[in-house]
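In: Need coordinates for the following:
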Amino acid sequence: MNLSAYQDELDWIASQQQAMLNATSELALINSGTLNVDGIDRVGERLLQYCAPLEAEQKRIDLPPLEEIDERGELRNRPVGRAIRLRKNPQAERQILLCGHLDTVFSPEDPFQNLNWLNANRLGGPGVTDMKGGLVIMIHALMALERSVYARELGWTVIFNPDEEVGSPCSDILITEAAHQAQLGLVFEPALPDGSFAGERKGSGNFTLVMRGRAAHAGRDIGSGRNAVRALCDFISALDNLNGQREGVTINPARFHGGGPLNQVPDLAVARFNVRTRKREDEHWIQQQLNLLSAKINERNGLSLHIHGGFTRPPKQLTPAAHELSALLAECGSALDIPVRWTATGGCCDGNNIAAQGIPVIDTLGAEGGGIHSSEEFLIVDSLSRRAQLTALLLFSLARGQLDYQLWPQLNR
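Out: Numbers count the residues shown, from 1 in each chain. Predicted coordinates for the structure are as follows:
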């Protein structure tokens with residue numbers, strides 16, 4: 001691949017390294033845990049300011065509330081921040097979707113709130129890699145496209161969503177609708193720890209168990225009680241025993257709440273678990289097993305189990321079009337001396353949901369770093385401009401028709 005046609009734009013990205021670091025740092029210092037609505041909206045406001053030079057149509061979108069089961073087993077609605085949609089060149093025949101999330105896993109109460117230089121090229125901080133650095137990379141790659149002579153050849157939609165870290169239950173319909181109008185997707189999740197890109201991804205589902213029994217005095221009348229904690233422990237033990245029974249399927253009992261005074265038979269227990277799947281049919285198998293296990297519990301006198309939740313991330317499997325898109329990215333990487341390697345992963349993201357709409361997607365175009373979802377999170381600082389150049393070169397290649405034969409055959413006659 002000859003870079004001479006794009007050298008001015010690639011050099012411009014290199015010149016923006018410090019500005020990209022400043023923007024990433026500014027965003028990381030705004031707490032945007034998923035349920036911190038004010039913080040998420042502040043991040044969104046800053047992003048709109050950064051995106052102003054793109055001269056795209058901007059819209060902030062209210063989303064339905066996040067439904068969750070509380071520790072009393074009751075349904076609660078929690079507000080989430082607004083999503084943002086940007087659109088440019090809607091008349092272009094080539095249309096792509098770019099996605100990034102505004103939220104992090106760190107609540108305002110989390111002690112991990114500040115930035116810390118670990119060495120000259122490693123910056124620690126909440127969300128620096130997952131994914132505020134990725135948001136900045138996306139914006140600068142689009143700026144480079146819009147500065148180029150190829151800008152009119154590619155139409156694009158950007159979705160910034162506020163709830164990815166909890167499975168995007170509120171924004172999924174927005175992403176799905178945008179995917180239906182595009183022929184490929186790009187998501188700016190961080191690179192895997194070794195710098196590679198995610199290939200196939202497992203699917204994921206989150207579930208909540210609510211067990212109700214009958215309270216009684218633990219000393220005077222224990223026999224008339226129905227212990228919800230014990231019954232839920234039985235269920236979770238049987239649930240955990242499903243691990244290893246179906247290839248690629250894993251179940252993680254993750255949280256338990258129940259009981260009260262030590263002299264009272266507990267009448268309520270609540271637990272939460274996650275399931276990872278390799279194939280779409282695994283979801284049906286899990287549902288069958290849950291039905292069988294819950295039926296056995298509900299046969300017991302005085303006990304009632306209800307299962308809430310479901311699968312929100314289908315498995316991402318690679319199609320022929322996805323392989324073609326991956327090959328083009330590898331070609332771009334080779335031209336820039338950036339290694340492009342692919343690794344299957346058990347993690348999931350909005351890329352799963354985009355791929356489920358039948359379009360190819362690359363979903364780890366964001367920053368390099370490590371320690372995500374922990375107080376050890378760090379950003380490899382010079383990856384900001386490097387990864388922005390890689391994405392920009394991919395955009396230039398798409399705009400020049402290098403995947404028309406696969407994605408836009410009407411333009412390849």
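
In: since we're on Glu93, how many residues are nearby?
Out: Glu93: 13 surrounding residues under other Cβ atoms under 10 Å. In short, each C-beta sits where N, CA and C put it, glycine included.

In: from what I can see it touches Trp408, true?
Out: Yes - Glu93 lies in contact with Trp408 (Cβ atoms under 8 Å); the separation is 6.1 Å.

In: give me the number of residues near Cys170?
Out: 23.

In: ok, for it, nearest residue in space, not its chain neighbours?
Out: Nearest residue to Cys170, sequence neighbours excluded (Cβ to Cβ, 6 or more residues apart in numbering): Leu63, at 4.2 Å.

In: Figure out the helix or strand that the closest residue to Lys59 other than its chain neighbours lives in.
Out: Computed as Cβ to Cβ, 6+ apart, the closest residue to Lys59 that is not its neighbour in sequence is Arg85, at 4.8 Å. If you go by DSSP states H and E, Arg85 is part of strand 83-88.

In: how about the helix or strand following that strand as CSV, C-alpha atoms only?
Out: Using DSSP H and E, the next helix or strand after strand 83-88 towards the C-terminus is strand 95-101. Output in CSV follows, covering the C-alpha atoms of strand 95-101 (Å, rounded to 0.1, in the frame of the first residue of the first chain):
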residue,chain,number,x,y,z
GLN,A,95,-22.1,4.0,4.9
ILE,A,96,-20.3,2.9,8.0
LEU,A,97,-21.1,2.9,11.8
LEU,A,98,-18.6,3.8,14.5
CYS,A,99,-19.4,3.2,18.2
GLY,A,100,-17.9,4.1,21.5
HIS,A,101,-19.2,4.2,25.1
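
In: Strand 95-101 pairs with which strands, parallel or anti?
Out: strand 155-161 (parallel), strand 184-187 (parallel) (DSSP bridges).

In: Looking at those strands, which one is packed in the most?
Out: strand 184-187 (a mean of 27; mean count of other Cβ atoms under 10 Å).

In: what ranges do the helices span in this protein?
Out: Taking DSSP state H as the test, the helices found in the chain are 7-15, 17-28, 37-51, 133-147, 172-180, 228-240, 281-298, 320-335, 350-355, 383-399, 404-407.

In: To Asn116, which of those helices lies closest?
Out: helix 17-28 (10.8 Å; Cβ to Cβ).

In: pretty sure Arg60 contacts Gly81?
Out: No - using Cβ under 8 Å as the test, Arg60 is too far from Gly81 to be in contact (9.4 Å).

In: Between these two, which has more neighbouring residues?
Out: Between Arg60 and Gly81, Gly81 has the larger neighbour count (other Cβ under 10 Å), namely 28 against 14.

In: Can you report phi and psi for the more buried one?
Out: phi -70, psi 170 (degrees, to the nearest 10).

In: Next, format the helices of the chain as JSON lines and append mean pLDDT.
Out: JSON lines is the format used below for the helices of the chain (pLDDT from 0 to 100):
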{"stretch": "helix 7-15", "mean pLDDT": "98"}
{"stretch": "helix 17-28", "mean pLDDT": "98"}
{"stretch": "helix 37-51", "mean pLDDT": "98"}
{"stretch": "helix 133-147", "mean pLDDT": "98"}
{"stretch": "helix 172-180", "mean pLDDT": "97"}
{"stretch": "helix 228-240", "mean pLDDT": "98"}
{"stretch": "helix 281-298", "mean pLDDT": "97"}
{"stretch": "helix 320-335", "mean pLDDT": "97"}
{"stretch": "helix 350-355", "mean pLDDT": "97"}
{"stretch": "helix 383-399", "mean pLDDT": "98"}
{"stretch": "helix 404-407", "mean pLDDT": "92"}
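
In: how about stretch 388-404: buried residues?
Out: For stretch 388-404, the neighbour count (16 or more other Cβ atoms under 10 Å) marks 388-399, 402-404 as buried.

In: May I ask which two of those are separated the most?
Out: Maximum distance among these (Cβ to Cβ): 24.4 Å, for Ala388 and Asp404.

In: State whether Gly195 and Thr343 are indeed in contact, as I suppose.
Out: No - using Cβ under 8 Å, Gly195 makes no contact with Thr343, being 9.8 Å away.

In: Between those two, which is the more surrounded one?
Out: Gly195 (18 against 15).

In: distance between the strand holding Arg85 and the chain's centre?
Out: In terms of Cα atoms, centre = their mean, to the nearest Å, the centre of strand 83-88 is found 18 Å from the chain centre.

In: For Leu384, which non-adjacent residue is spatially closest?
Out: Setting aside the residues directly before and after it, Leu384 is nearest to Met20 in space (Cβ to Cβ, 6+ apart), at 4.3 Å.
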